[in-house]
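Participant: Sequence plus the predicted model coming up.
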Number of protein chains: 2
Amino acid sequence: MSMLASQVIKGDIRSIARLISLVENNDSTAIDPMKELHRFTGKAHVIGVTGVMGSGKSSLIYELAKTYRKQKKTVGIIAIDPSSPFSGGALLGDRIRMTDLSTNKGVFIRSMGTRGMLGGLTAAVYDVISILDAAGKDIILVETVGIGQDEIDIAKIADTTLVILVPGLGDSVQMIKAGLMEIADIFIVNKADKPGAEQTVAEIESLLDICEKSVRQTPIIKTSAKKKQGISDLIQEIQNHKEYLKTSKQYEMRKRKRYETELYELIRKRLMNYIYDETKLKDRIDNLIDQITKKKLDPHTAADEILHKILK
Amino acid sequence: MSMLASQVIKGDIRSIARLISLVENNDSTAIDPMKELHRFTGKAHVIGVTGVMGSGKSSLIYELAKTYRKQKKTVGIIAIDPSSPFSGGALLGDRIRMTDLSTNKGVFIRSMGTRGMLGGLTAAVYDVISILDAAGKDIILVETVGIGQDEIDIAKIADTTLVILVPGLGDSVQMIKAGLMEIADIFIVNKADKPGAEQTVAEIESLLDICEKSVRQTPIIKTSAKKKQGISDLIQEIQNHKEYLKTSKQYEMRKRKRYETELYELIRKRLMNYIYDETKLKDRIDNLIDQITKKKLDPHTAADEILHKILK
């Protein structure tokens, strides 16, 4: 086994960070360690956390992470939300509430951006989850915006998907349109100390009455990250959901679905790397673009030619 | 030329709608008409409209479309925002403000969703723009959320990109992080009748002082879609920007960049169709996923095998 992979398995923070950077930079030296890590994965509980801006995702993740740490569980946090304080640290001295967390030995925080990744973000997210999983993190929290526009389909990645709503923002139609009813394993009404919390709960309940097909009732948990309320209830429900997955056949099905998406994403990413990186191909593509611009050729015919050139 | 392509060029609404549906459904019979249409494109002014939820994008587009119609210009609207009333029509009787617009002969409205498109959305958006362009629409308005999470890179698609902000939501750091300073050809402070509008303008101005590299000053227009204020100023600035593009060398550069992105997106989409549709390949991939799930194989090695199988 490579030095890097074996150090990651030991939980060495610098090696974890290094391999993640290689993955993010689409560096081909990441591939061998990633291959080696696969059989050490599958132990972590991957929790997707999604909700619109202003719903308090980050604060809630912060409280969850702290509580898990008190239970002696190790935690990884992956933030894929550009508006998150987790992912904003690098820029203009964003207020980072997270300092005490990230210096906490059991918590590893990583933010991932969508820019410049040529559509390879999803594949990279899978890799980062696998790295943290192989490194022995018990809990991996993945934060996404998830309002239907997301490149990331969190429900396919996570074992348990938390959907956060807040009083006053509730709009049943929006919820259905954003596909939230389908992906939520647990609904959270955060900022539940604000007026309208009960109404939001009622709205979710009535939507669940209409939409729900599964045997399991989707729980709705009221929290206030600010006042640290409802966090242990939430952690209990997450645990309940994990047990539900294990006792039903859902767990295996989800894992398979996860690997299916991962493999297709990897293939897609590799193919695009190939298209962008092969110098000869690049020259030909540049030439085709010139012809398209001059209307001597159309994009679809050009695409035909390239596919013909590369496929067996 | 195919019947469908020639009918689209004549501006026949049912043919336009039909070809768009074929494109959206990833139907291979769309490819020939799309090839034929290419040389009839390039006349429309493609305007990207982006801004967060609640910034009044849809209302502004509505007012723009109405004003363009008064100027006898034909208009196409493509909405890629799931929260937009343009795109919500199909579901639960969303309140559609747009009824009078969509029955207006010179306006063609189409909403496009991100779900189930297997990452082929960008390629489809290019096709739909080309269809409306070839059909003779003078103005094509493309609405996106554009807060950094978008699958669609609107600035690469549009000739002119409008970024909408509203008083009170302004946060310089967010603007920079979302890449808005780079993509905006024109800033719009909508809901300018609300308190704080001048402050938002000042904030944008000071950011432009720091960030702006180009010779052209990015204009900031105050509008109120509700009170129908600032719309003709905005239309004038859009026209000014078009003339700026034409007199500088930007216009050709942007067109080339547009076709570059389009071609790569098409190649990506075709490759993924190939991967998903080839029955033999699909069987092998299913088998590989089983092995991955059982930890007998890792996803990266599996991807290697598939690439080896399909690439020359």
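Facilitator: Received, thanks.

Participant: ok, now which ones touch residue A:233?
Facilitator: Residues in contact with residue A:233 (CB atoms under 8 Å, 6 or more residues apart in numbering or on different chains) are A:221, A:223. (Glycine included, C-beta is placed from N, CA and C.)

Participant: ok, now with 7 Å
Facilitator: residue A:221 (CB atoms under 7 Å, 6 or more residues apart in numbering or on different chains).

Participant: Tell me the secondary structure at it.
Facilitator: helix (DSSP: H, G, I helix; E, B strand; the rest coil).

Participant: Ok, residue A:78 next?
Facilitator: strand.

Participant: Bridged to it, which residues?
Facilitator: With DSSP bridges as the criterion, residue A:78 is bridged to residue A:110, residue A:142.

Participant: Buried residues in stretch A:249-268, which are they?
Facilitator: Neighbour counts using 16 or more other CB atoms under 10 Å in any protein chain shown place A:250, A:254, A:256-268 of stretch A:249-268 among the buried residues.

Participant: where along the stretch 151-300 of chain A do the strands fall?
Facilitator: A:160-165, A:186-189, A:220-222 (DSSP state E, counting those that start in this stretch).

Participant: Show only the entries of the buried residues of stretch A:249-268 found in helices.
Facilitator: Residues of these located in helices (DSSP state H): A:250, A:254, A:256-268.

Participant: which among these gets closest to residue B:31?
Facilitator: For those, the closest approach to residue B:31 (CB to CB) belongs to residue A:268, at 20.5 Å.

Participant: ok, for that closest one, nearest residue in space, not its chain neighbours?
Facilitator: residue B:272 (5.8 Å; CB to CB, 6 or more residues apart in numbering or on different chains).

Participant: what's the answer for residue A:59, then?
Facilitator: residue A:225 (3.7 Å).

Participant: show me the contacts for the one you found.
Facilitator: Neighbours of residue A:225 in contact, by CB under 7 Å, 6+ apart: A:56, A:59, A:60, A:63, A:190.

Participant: out of these, who has the most neighbours?
Facilitator: residue A:190 (29 neighbours; other CB atoms under 10 Å in any protein chain shown).

Participant: ok, now which ones touch that one?
Facilitator: Here residue A:190 is in contact with A:55, A:56, A:60, A:164, A:166, A:223, A:224, A:225 (CB under 7 Å, 6+ apart).

Participant: ok, these vs chain B, which is closest?
Facilitator: The closest of the contacts of residue A:190 to chain B turns out to be residue A:55 (CB to the nearest CB; 12.4 Å).

Participant: Around the closest one, how many other residues sit close by?
Facilitator: Neighbours around residue A:55, by other CB under 10 Å: 22.

Participant: tell me which element it falls in.
Facilitator: Of the helices and strands defined by DSSP states H and E, none includes residue A:55.

Participant: Just to check, it is in contact with residue A:166?
Facilitator: Yes. Assessed by CB atoms under 7 Å, residue A:55 is found in contact with residue A:166 at 4.9 Å.

Participant: so how far is residue A:220 from the closest residue to residue A:250 other than its chain neighbours?
Facilitator: The shortest distance from residue A:250 to any non-neighbouring residue, by CB to CB, 6+ apart, is to residue A:244 (7.2 Å). Distance, residue A:244 to residue A:220, using CB to CB, to the nearest Å: 16 Å.

Participant: That's all I had, so thanks and see you.
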